[in-house]
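J.: Okay, structure incoming, though there's no sequence with it:
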């Protein structure tokens, strides 16, 4: 028995010693304060088209900020014919835009960037490709074999009768309608209640966001240049985006083989890691290079093409029994009003606002949390988009 106790004590001492011997692994790559230039965008060679590029800096694991924009740079599109087309710094998060251009699709193009520090970067000359139209967008209501619930899949279909595209990329802007839990015709400003105009209602809002997945398709293995049922988006049952109405604007870009391979590598690195049998991460090499310092890494790939767009709407009325039913705490309070002026507002809690009036001979004001009265607390805007039905 005594020997057993000694054995357990020795094991405990060894474990404590091993714990104290461990050191955090912080390789130089993690500790280095490198912020490489990242270029996001493409040269739009469509008719009367605007090209937009976003310049930012890469982040380190130890950084606390979420975005490092690159302002005050000189950015230009250069044509193989020697013409140059400058982009304007919008002053918003490193976003640069061109004037509406009519670039020649028979030419090649590249992007030139000179930062405010005087470092120059140049992309390779790339051929311009013309995007075939999107044949159709469609959605299907399916039974998810994993969750055993309904789900929605949204697909794109396209083909190139010239048989010259073969490589496709898509992204999209999605817009969905949402409402405040409570609807009020009133608002308050500077201690006075006033009626909201028809266009000022805070009950209906629309939120728009950009897709965050890399969506690719290829017809190289097929006898014809056809894309059929390319999955773009998926929604599980009762997704809040489908509570009222949903719209997706899909944009289609043709790619060269080099550009497709670049985006495929980025896709595998960012969307297919974490599982035991997933691919191992690999180095992503773009087509932008440092000129001032040839060893200075640059992130991004610049393509040149036209773009095709198509929009799809889905109404909640098309989805039987779909509703997220979010839980809100919308406790209301009843307060007396000033008999000389019902529109005076003096409720002391700034998180509350006027909901509605009640009473006949004596009028009371019902107040409610502002987040329950104004859909903008959920995000988005109360200005109805021009394309909304």
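T.: That came through, no problem. Every value quoted in this text rests on a predicted model; they were computed, and no experiment measured them.
J.: drop to CA atoms for contacts and neighbour counts, all remaining ones
T.: OK.
J.: low-confidence ranges in the stretch 201-350 of the chain?
T.: Regions of the stretch 201-350 of the chain meeting the criterion pLDDT under 70 cover residues 272-282.
J.: Strands along that one, start to end?
T.: In the stretch 201-350 of the chain, the strands defined using DSSP state E, counting those that start in this stretch lie at 204-210, 215-218, 226-236, 245-254, 288-290, 298-299, 304-305, 308-315, 333-336.
J.: Deepest-packed of the ones you listed, please.
T.: Comparing the strands of the stretch 201-350 of the chain by mean neighbour count (mean count of other Cα atoms under 10 Å), strand 304-305 ranks first with a mean of 26.
J.: tell me what that strand is packed against?
T.: For strand 304-305, the elements it packs on are strand 43-44, strand 126-129, judged by 3 or more Cα pairs under 8 Å, 6 or more residues apart in numbering; DSSP states H and E.
J.: which residues touch it?
T.: Residues outside strand 304-305 that contact it (Cα atoms under 8 Å, 6 or more residues apart in numbering) are 42-46, 105, 108-109, 126-131, 253-255.
J.: Please list only the buried members of these.
T.: Using 16 or more other Cα atoms under 10 Å as the burial test, the contacts of strand 304-305 include 42-46, 105, 108-109, 126-131, 253-255 as buried.
J.: Okay, domains of this protein per the record?
T.: Here the domain parsing of the chain from automatic domain parsing is 28-128, 131-255+306-389.
J.: Out of those, which gets nearest to residue 299?
T.: Comparing the domains of the chain by their distance to residue 299 (Cα to Cα), the top pick is domain 28-128, with 4.5 Å.
J.: distance between that closest one and the chain's centre?
T.: 19 Å (Cα atoms, centre = their mean, to the nearest Å).
J.: what's near enough to touch residue 70?
T.: Contacts of residue 70 by Cα under 8 Å, 6+ apart are 37, 55-57, 93-94, 115.
J.: Same check on residue 171?
T.: 210-211, 213-215, 250-252.
J.: Equivalent analysis for residue 259, please.
T.: With Cα under 8 Å, 6+ apart, residue 259 has these contacts: 301, 303.
J.: quick one: residue 73 and residue 119 touch, right?
T.: No - taking contacts as Cα atoms under 8 Å, residue 73 lies outside contact range of residue 119: 9.5 Å.
J.: more crowded one of these two?
T.: residue 73 (20 against 14; other Cα atoms under 10 Å).
J.: OK, contacts around the more buried one?
T.: Residue 73 neighbours (Cα under 8 Å, 6+ apart): 89, 113-116.
J.: what does residue 354 give?
T.: Residue 354 neighbours (Cα under 8 Å, 6+ apart): 184, 186-188, 193, 365-368.
J.: same thing with residue 298?
T.: 36-39, 286, 288-290.
J.: all helices of this protein, in order?
T.: 2-21, 28-31, 257-271, 370-373 (DSSP state H).
J.: Let's test this: mean pLDDT of the longest one, rounded?
T.: I take that to be helix 2-21. For helix 2-21, the mean per-residue pLDDT is 54.
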